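J.: okay, predicted coordinates and the sequence, questions at the end:
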Amino acid sequence: MDLTKNRIKALLARQSGDEIVQADGWVRTKRDSKNVCFLSVNDGSCLQGLQVVIDKAKLNDNAVLASITTGAAVSCRGKIVASQGGNQAVEMQAEEVKLVGPCPNDYPLQKKFQTVEYLREIAHLRARTNTFGAVMRVRNTLAFATHQYFQQNGFIYVHTPIISASDAEGAGEQFTVTTLPLDNVPKTKDGKVDWSKDFFGKMSKLTVSGQLEGETYATAMKNIYTFGPTFRSENSVTKRHLAEFWMIEPEMSFCDIEGNMDVAEEYLKFLFKAALEKNPEDLEFFEKRVQPGIIETLRHVVETPFAHMTYTEAIKALEPHNGEFEFPVHWGSDIQTEHERYLTEQVCKSPVIVTDYPAAIKSFYMKQNEDGKTVRGMDVLVPRLGEIIGGSEREVDYDKLLARMRQLGMNTDAYWWYTDLRKYGTVPHSGFGLGFERAVMYVTGMQNIRDVIPYPRAVGQIEF
């Protein structure tokens, strides 16, 4: 069965002809006159709707036509002909119109402007709007391109656990998973929660990252990637944070930070090129309605070699401009979004990869440099957004890794399986993480991360 033949996108690409075709979708608008009715029918396959022209004199049942309203689901049959109007190349001359799903007059998406804030309150319907339909098509393209890139380059797709007993980031911002009765939590003799009575026999959490488990498979299958949901219980109400989001995390054995940077740059360019090639109509919409200049920005990233600098070099470039920043920098401080944008937009005028960060502000698993102060971490920064990828070469020295974990007060016994990798056939290996929603934001220009995922999960937000 050819499921693409009668999609609105395919029908709009057809030439005039005598073949009777079928168009199924939802009515965006209806314009009525005494003799003719015009419906704009959309099925989410593209931005533009198909104009269906109905000659009332030729329609057997005008009562059906009278009951069709904005939001109704219809099935129309007719010929595709050259359009008499100037807004579309072709239209359908309908010979039959069926009302599949009626829609009452209180339908929230009438033909008027709705704010994105309002549309979040009706997230079950917002995909029917131009903006959110375009966002989801771009999201689809980027997801498919992710699999294309890694599959074409010999990576193995690994599904890492959603429920975990470890914290990959060491930050502690995790959701607890439990079957214990909350109205009568079992306690130990010293008054603490008795996790031995829980489902897994110990405290369990929703994962913040699949990296650690990914490393175990990379040291057996060389190059792997994960693409799945991750969770943070960070109590942050910003335009850039979600409690549930998707992460792409490749991990590569026999690969140092130089190879890691090469893959990160190549992968990002592959993603953005896919969007430019496969979603031109949607990107034109975002260019006009959301973020002017976005197409040129994406082309610039695709066509420009990424700059490289160390953290120390970045701080030296930023310090003379501390008076311009909300958060002045010094060696040892974290680099904020305003600094990342300054580096990409003013200093380098291109994407930039910053490496060799102070160990104190980076995760325990990053390879320690010989200077004893920095680690082989890397962040990929892009104009307009700042950090889009974070990664590192991983520490492979068993003793150094354990010492770092103990320094941070981590329970090394809980990570016995992870440290085992450094005992049994260890190899240099590297990887990075891309927050998928951040990438969708960057490509679409959408200003709030809650508007690039179907159903956002954030502080106080668990509807739908």
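T.: That came through, no problem. Residues are numbered from 1 along each chain as shown.

J.: C-alpha only now, for contacts and for neighbours.
T.: Noted.

J.: quick one, what contacts G210?
T.: Counting by CA atoms under 8 Å, 6 or more residues apart in numbering, G210 makes contact with 160-161, 168, 226, 230, 249.

J.: nearest to G71, out of these: which one, please.
T.: Using CA to CA, T230 is the member of the contacts of G210 that sits closest to G71, with 34.5 Å.

J.: what about that closest one, distance to V380?
T.: T230 sits 20 Å away from V380, going by CA to CA, to the nearest Å.

J.: look at the two and report which has more neighbours.
T.: Applying other CA atoms under 10 Å to T230 and V380 shows that V380 carries more neighbours, namely 25 against 22.

J.: does anything pack onto the host helix or strand of T131? Which helices or strands?
T.: Using DSSP states H and E, T131 maps to helix 130-152. The helices and strands touching helix 130-152, judged by 3 or more CA pairs under 8 Å, 6 or more residues apart in numbering; DSSP states H and E, are helix 257-278, helix 280-289, helix 436-444.

J.: buried residues of the lowest-mean-pLDDT helix or strand in the chain, list them for me.
T.: In the chain, no helix or strand scores lower on mean pLDDT, DSSP states H and E than helix 62-66, which sits at a mean of 84. Residues of helix 62-66 classed as buried: L65 (neighbour count, 16 or more other CA atoms under 10 Å).

J.: neighbouring strands - and their directions - for the helix or strand following it?
T.: Sequence-wise, the next helix or strand downstream of helix 62-66 (DSSP H and E) is strand 73-82. Take DSSP bridges as the rule and strand 73-82 pairs in its sheet with strand 20-32 (antiparallel), strand 90-101 (antiparallel).

J.: quick one on the thing from earlier: buried set for the helix holding T131?
T.: Within helix 130-152, judged by 16+ other CA under 10 Å, the buried ones are 130-139, 141-143, 145-147, 149-150.

J.: could you measure from M405 over to G323?
T.: Noted for M405: a distance of 37 Å to G323, by CA to CA.

J.: between those two, which has more neighbouring residues?
T.: Counted by other CA under 10 Å, M405 and G323 do not tie: M405 has more neighbours, with 18 against 11.

J.: excluding its backbone neighbours, what's nearest M221?
T.: Spatial nearest neighbour of M221, chain neighbours left out: I156 (7.4 Å); criterion: CA to CA, 6 or more residues apart in numbering.

J.: next, count neighbours for that neighbour.
T.: If we define neighbours as other CA under 10 Å, then I156 has 19 of them.

J.: thinking again about what came up before, mind checking which of the contacts of G210 are buried?
T.: Applying 16+ other CA under 10 Å to the contacts of G210 flags 160, 168, 226, 230, 249 as buried.

J.: what residues are up against the last one?
T.: Under the criterion of CA under 8 Å, 6+ apart, the neighbours of E249 are 210-211, 214, 225-227, 431-434.

J.: done for today, thanks.
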